[in-house]
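Chemist: with the input below, show me the fold.
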Amino acid sequence: MKRIALIIGTLLLLAVGILVSIFWIRKSKAEQQLVSNQSTQIITIAVDDMVVDNLSSLLSWNTSSSEGERKEKWLKKIVFDAGIYIPSRIFLFNQTAKKDSFYGIVALESYDDCFTFFANHFPEEMNFIDKEKGIVHVAVSKYFQLIFDREHVVYSFSMKEDKGFQELANLLRHRERWTTVATLKGFEALNAKKHIAYVQKDQKLKIDATINNGVALIQGQWRLQKELKSDFQVQDLAADKEIIRCWNLLDAAEIPLFANILRDFSGLQPPEFNQHYGNYFDLQVNDDYFTQHDTSIAYVYDDDFNATEEKQVNDVQVPKIIQAWKYDATWAQELPDRLFYKFYTYNFGGYLFQSTASNLSHTNNLIKTAYPLYAFVDFGKMPDSWDIPLLQRLKKAQVKATLKTKVQTSNTLSLEGKITY
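Modeler: Numbers count the residues shown, from 1 in each chain. Just a heads-up that it's a prediction; the model follows:
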């Protein structure tokens with residue numbers, strides 16, 4: 001028995017040693033991954049480290065549902081059957097030509113396995129670009145597509161629907177523009193010790209995150225275009241039933257995506273937008289519900305197909321939503337009074353309020369805050385009527401997210417965030 005125990009112990013130690021060796025060999029090769037030498041932003045994701053540090057969570061991952069089983073099978077197939085080398089740390093890069101997309105380059109271990117995998121799973125979305133060179137394009141989804149030849153896969157994630165693949169084809173064609181991460185200049189500040197890290201070449205924004213057993217901790221630094229004022233104030237709104245609370249006291253130009261949303265929302269474009277938006281936005285969604293009467297028009301037809309208009313009134317349960325802006329007559333006139341729900345407009349002491357509540361009472365108390373930009377979301381309390389698939393998944397997982405910013409210097413903010421799930 002002692003001899004058997006010794007043999008088993010030796011085999012276990014050998015197995016552990018082999019696994020550790022493979023782990024460190026893969027890790028040492030991470031910076032040999034290829035990226036574009038024209039990269040302006042880099043995101044890195046430590047696949048192996050995240051798996052090791054969250055092993056207990058992965059082992060307890062519930063795959064009893066059909067959806068969970070499909071996800072597990074898909075992950076296994078893409079890792080083991082697609083013939084694609086999955087590096088220990090994935091590097092995604094962005095190029096100036098297309099700021100809303102990120103790209104990646106990975107090596108192929110087996111062209112035949114890769115071709116077979118996509119031919120089986122995406123036959124309608126798969127197209128030959130060059131049969132002689134074996135170049136194939138696959139539109140996996142509206143936001144994810146790839147192109148591969150006999151040696152490499154070049155793929156892209158886009159924040160907008162992307163129907164073209166010319167940028168991918170150019171990346172694959174111009175290999176003289178490829179370089180390894182180790183030799184890429186301008187990204188020395190990239191924190192490769194974190195699970196996830198993001199950095200811009202101009203060093204204006206750096207973010208990193210560590211994920212451990214259901215908690216993601218986020219840190220970062222953000223250099224602004226304009227200098228900040230020294231004091232910040234927001235509306236004093238009751239926080240005991242909050243689902244969402246966020247405010248932005250920064251210049252709208254600091255967050256282009258936010259500015260674009262507001263311009264679409266208000267209908268104002270520069271220079272009118274810059275003139276009438278007061279660089280103040282405050283939003284709260286509460287876990288209080290009441291009834292709004294939603295009127296719709298339907299048409300009914302008689303036996304002779306003559307249309308008759310009928311009004312239908314439906315009772316809709318709506319959450320209490322409050323949004324506040326600095327008062328401006330033009331801004332007040334341009335804001336829509338309906339966005340999914342009916343909104344009522346109020347003017348309290350130089351601030352414009354819109355709310356789903358028809359009898360909003362507010363004393364316009366302003367309180368000091370250390371956070372010029374703040375966001376909190378409790379997805380677990382989201383209304384059931386918000387049936388967007390992504391929101392429903394986050395609601396089921398009881399995800400909570402918080403982001404805070406603090407002033408470091410006159411034009412620099414620190415970022416601190418936490419996500420629990």
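Chemist: going by C-alpha atoms from here, please, whenever you check contacts or count neighbours.
Modeler: Will do.
Chemist: got the CA positions of stretch 177-190 in PDB?
Modeler: The C-alpha atoms that make up stretch 177-190 are tabulated as PDB, following Å, rounded to 0.1, in the frame of the first residue of the first chain:
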ATOM      1  CA  ARG A 177       2.400  46.400 -40.500                       C
ATOM      2  CA  TRP A 178       2.400  43.600 -37.900                       C
ATOM      3  CA  THR A 179       4.600  43.700 -34.900                       C
ATOM      4  CA  THR A 180       4.800  41.800 -31.600                       C
ATOM      5  CA  VAL A 181       3.500  43.200 -28.400                       C
ATOM      6  CA  ALA A 182       7.000  43.100 -27.000                       C
ATOM      7  CA  THR A 183       8.300  45.500 -29.700                       C
ATOM      8  CA  LEU A 184       5.300  47.800 -29.900                       C
ATOM      9  CA  LYS A 185       6.200  51.400 -29.000                       C
ATOM     10  CA  GLY A 186       4.000  53.700 -27.000                       C
ATOM     11  CA  PHE A 187       2.200  51.200 -24.700                       C
ATOM     12  CA  GLU A 188       4.800  50.800 -21.900                       C
ATOM     13  CA  ALA A 189       2.100  51.800 -19.400                       C
ATOM     14  CA  LEU A 190       0.000  48.700 -20.200                       C
END
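Chemist: mind listing what's buried along that stretch?
Modeler: Buried residues in stretch 177-190, counted by 16 or more other Cα atoms under 10 Å: 178-179, 181, 184, 187, 190.
Chemist: show me these that map onto strands.
Modeler: If you go by DSSP state E, the buried residues of stretch 177-190 have 178-179 in strands.
Chemist: what is the nearest of the buried residues of stretch 177-190 to Phe379?
Modeler: Nearest to Phe379 among the buried residues of stretch 177-190 is Leu190, at 30.8 Å by Cα to Cα.
Chemist: for His276, list the residues it contacts.
Modeler: 328, 330-331 (Cα atoms under 8 Å, 6 or more residues apart in numbering).
Chemist: below-threshold pLDDT in the stretch 201-350 of the chain: ranges please.
Modeler: Along the stretch 201-350 of the chain, segments meeting pLDDT under 70 span 296-305.
Chemist: so which residues of it form helices?
Modeler: With helices called from DSSP state H, counting those that start in this stretch, the stretch 201-350 of the chain shows them at 256-266, 272-276, 329-334.
Chemist: and these as CSV, adding distance to Lys160?
Modeler: As requested, the helices of the stretch 201-350 of the chain are exported to CSV (distance: least, Cα to Cα, whole Å):
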stretch, distance to Lys160
helix 256-266, 12
helix 272-276, 24
helix 329-334, 27
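Chemist: compare those and report which one is nearest to Leu168.
Modeler: Nearest to Leu168 among the helices of the stretch 201-350 of the chain is helix 256-266 (24.3 Å), distances taken as Cα to Cα.
Chemist: let me know the pLDDT of the residue nearest in space to the middle of the chain.
Modeler: In the chain, the centroid-proximal residue (Cα atoms, centre = their mean) is Met159; its distance is 8.7 Å. Met159 carries a pLDDT score of 78 in this model.
Chemist: residues in contact with it?
Modeler: Counted by Cα under 8 Å, 6+ apart, Met159 has contacts 100-101, 143.
Chemist: check what pLDDT Phe144 gets.
Modeler: 91.
Chemist: relative to Lys142, how far out is the residue nearest to the centre of the chain?
Modeler: 9 Å (Cα to Cα, to the nearest Å).
Chemist: about what we covered before: could you turn the buried ones of the contacts of His276 into a ChimeraX selection?
Modeler: Of the contacts of His276, the buried ones can be selected in ChimeraX as follows, counting by 16+ other Cα under 10 Å:
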select :328,331
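Chemist: and which of the contacts of His276 is nearest Phe290?
Modeler: Trp331 (27.5 Å).
Chemist: so His152 touches Ala107, yeah?
Modeler: Yes - at 4.5 Å, His152 and Ala107 qualify as touching, with contact defined as Cα atoms under 8 Å.
Chemist: which residues of the stretch 1-150 of the chain score low on pLDDT?
Modeler: In the stretch 1-150 of the chain (pLDDT under 70), the answer is 1-3, 5-28, 56-75, 97-98.
Chemist: could you redo the last one with a cut-off of 90?
Modeler: Along the stretch 1-150 of the chain, the parts satisfying pLDDT under 90 run over 1-33, 47-82, 86, 88, 95-101, 140-143.
Chemist: in it, which spans are strands?
Modeler: Along the stretch 1-150 of the chain, the stretches classed as strands by DSSP state E, counting those that start in this stretch are 34-36, 39-46, 89-95, 98-107, 126-130, 135-138, 144-148.
Chemist: most tightly packed of these?
Modeler: Ranked by mean neighbour count, the strands of the stretch 1-150 of the chain are led by strand 34-36 with a mean of 25 (mean count of other Cα atoms under 10 Å).
Chemist: residue contacts, the spatially closest residue to Leu34 that is not a sequence neighbour?
Modeler: Computed as Cα to Cα, 6 or more residues apart in numbering, the closest residue to Leu34 that is not its neighbour in sequence is Thr180, at 4.5 Å. For Thr180, the contacting residues are 31-35, by Cα under 8 Å, 6+ apart.
Chemist: let's see it at 10 Å
Modeler: The contact partners of Thr180, by Cα atoms under 10 Å, 6 or more residues apart in numbering, come to 30-37.
Chemist: how about Gln225?
Modeler: Counting by Cα under 10 Å, 6+ apart, Gln225 touches 204, 251, 253-254, 411-412.
Chemist: isn't Glu167 up against Ser156?
Modeler: Yes - contact criterion Cα atoms under 10 Å: Glu167 and Ser156 qualify, at 9.3 Å.
Chemist: for those two, work out which one has more neighbours and name it.
Modeler: The residue with more neighbours, out of Glu167 and Ser156, is Ser156; 22 against 14, by other Cα atoms under 10 Å.
Chemist: so how far is the one helix or strand the more buried one maps to from its chain's centroid?
Modeler: Take DSSP states H and E as the rule and Ser156 turns out to sit in strand 152-158. Here strand 152-158 shows a centroid-to-chain-centroid distance of 18 Å under the convention Cα atoms, centre = their mean, to the nearest Å.
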